[in-house]
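Student: Structure for this input, please:
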Amino acid sequence: MSFAFMRRFAFVDVGVPHHDNLFHKLRNKWIATRLRNTTTRADRKELRAKMSEIFRQGSPLMSRRELGPAIASDMLRYLEDRVIQVQEELRGIGEAGISFDRVGEIFPRLVGAMLATRDLSLDQKFPLGFEQSGREAYFVLHRALRGEIDVVSFVTVTLDRLPRGLACRTEREQSEYRGRVRGRVAWAKTWKARLSDEYDPTRFVCTEVRRQFGTPENQLVKFMVETAWSLVEAIPPVIRQGVYCRPGPDGDEPMSVGATFERISRIEATLPRLRVHPQLREISIPERITLEHLRRAETSKMEEYGQVASLYRRYHRCLIARDWQELVDLGHTLLPLPARLDAEGKQWLRFAAMVLKSLPGSGMVAVGPHR
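Tutor: Have a look, this model is predicted:
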């Protein structure tokens, strides 16, 4: 609760019982029972030590307001759910027969084998709608270069800052109330209203200032929020449970490898909460983004609006204008690879091979597949 709200009431803080030994045993019991089947003994030992430090009497966290066992229980419940979710994702990778220890070696070789296939060319045909699915996955998962923004940073960084300073316009409205007052009383109109009918001393006409957040730059933000969510939901399991390769920081270092679901989970953990934000929720989604939306965002004093506009321009080039070179640039920053090599996985692998063949220095012309 905010201090502005708390100042209007009297609060009595009920302290935590000072039975450190009992509290300590209770935490250890929860850790042992809830995480027994999902963590190792070493992990549980380290967790017990960290929890003891967090809830130690006199620690920085406990100095302002002591935290009781219920907080520790909620923390462990969250850890339990998160561990189960991660293990389910990893199980999908394991079922595909992929070893994380060797994935950095296996997949580049498979892509290299596809590149060396004679019958593979840039006009390779894919099932109807597959190219669009590929573009959507590459856009969601791509990694921004220095000074740019990608979908992950848009959700986790930009949207974390924007709601605190959303642009708005103010409108003055006059409303009539009985027995209560909101805003500033317009006395001239109040007396006129009181004397127009049967006299009522509880009648007030008030002028209220309302903030409207449906500005063009906010509509652009809302459009990208909903678009990002729909694109994330559309990522197929074969890519969601797969891995990605990305080049080193300078482009000359070996590729690094990671689990795709880790990147997706960062979006899915944050975006649902932002979609129901009270200020963003009242903003309408435009039928289409115009130059006015982009101009307002790019000329805003908040640089976050400019970042959203930059992300939309990349989205437009990749998914609306269907620029093949833009897709190649996205694949150069992060290349999603499938979790298994069935028929669907091989389609994604051929698609990745086409992107790699179009990279600068490959000797190939940057053109997309026939539509």
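
Student: give me phi/psi at Glu173?
Tutor: Here is the backbone geometry of Glu173 (degrees, to the nearest 10): phi -130, psi 140.

Student: Can you give me the domain boundaries for this protein?
Tutor: The chain is divided into the following domains under automatic domain parsing: 16-95, 114-164+216-357, 169-212.

Student: Of all the ones you listed, which one is nearest Arg8?
Tutor: The closest of these to Arg8 is domain 169-212. By C-beta to C-beta, the value is 16.9 Å. Where C-beta positions appear, they are placed from N, C-alpha and C, glycine not excepted.

Student: now for that closest one, what's the gap between its first and last residues?
Tutor: 5 Å (C-alpha to C-alpha, to the nearest Å).

Student: Is it possible to get a markdown table of the domains of the chain that adds mean neighbour count and distance to Phe9?
Tutor: Listed next are the domains of the chain as a markdown table, based on neighbours: other C-beta atoms under 10 Å; distance: least, C-beta to C-beta, whole Å:
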| stretch | mean neighbour count | distance to Phe9 |
| --- | --- | --- |
| domain 16-95 | 13 | 16 |
| domain 114-164+216-357 | 17 | 23 |
| domain 169-212 | 12 | 20 |
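
Student: Which of those sits closest to Ala10?
Tutor: Closest of the domains of the chain to Ala10 is domain 16-95, at 16.4 Å (criterion: C-beta to C-beta).

Student: How far off centre is that closest one?
Tutor: Mean C-alpha position of domain 16-95 versus that of the full chain (C-alpha atoms, centre = their mean, to the nearest Å) differs by 26 Å.

Student: Switch the domains of the chain over to CSV, and while doing so, append mean pLDDT and distance to Ser2 to every line.
Tutor: Putting the domains of the chain into CSV (pLDDT from 0 to 100; distance: least, C-beta to C-beta, whole Å) gives the following:
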stretch, mean pLDDT, distance to Ser2
domain 16-95, 75, 15
domain 114-164+216-357, 83, 14
domain 169-212, 85, 18
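
Student: These: which one's closest to Ala4?
Tutor: Nearest to Ala4 among the domains of the chain is domain 114-164+216-357 (16.3 Å), distances taken as C-beta to C-beta.

Student: next SSE after the host helix or strand of Met224?
Tutor: Using DSSP states H and E, Met224 falls within helix 216-233. For helix 216-233, the succeeding helix or strand toward the C-terminus, using DSSP H and E, is helix 237-240.

Student: Show me what that following helix is packed against.
Tutor: helix 260-275, helix 343-357 (3 or more C-beta pairs under 8 Å, 6 or more residues apart in numbering; DSSP states H and E).

Student: Export the ones you listed to a markdown table and append columns for distance to Val151.
Tutor: Formatted as a markdown table, the helices and strands packed on helix 237-240 follow (distance: least, C-beta to C-beta, whole Å):
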| stretch | distance to Val151 |
| --- | --- |
| helix 260-275 | 7 |
| helix 343-357 | 18 |
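
Student: Contacts only, for the residue nearest the centre of the chain.
Tutor: Geometric centre of the chain, nearest residue: Ile267, 2.8 Å, by C-alpha atoms, centre = their mean. By C-beta atoms under 8 Å, 6 or more residues apart in numbering, Ile267 lies in contact with Val140, Val151, Val152, Val155, Thr156, Ala228, Val232.

Student: Quickly name whichever of these is closest to Val243.
Tutor: For those, the nearest to Val243 is Val140 (15.3 Å; C-beta to C-beta).

Student: Contacts only, for the closest one.
Tutor: For Val140, the contacting residues are Val151, Ala228, Leu231, Val232, Ile235, Ile264, Ile267, by C-beta under 8 Å, 6+ apart.

Student: Let's see that with 10 Å instead.
Tutor: The contact partners of Val140, by C-beta atoms under 10 Å, 6 or more residues apart in numbering, come to 150-152, 227-228, 231-232, 234-235, 239, 260, 263-264, 267, 315, 330, 336.

Student: next one: Arg184
Tutor: By C-beta under 10 Å, 6+ apart, the neighbours of Arg184 are Arg172, Gln174, Cys206, Thr207, Glu208, Val209.
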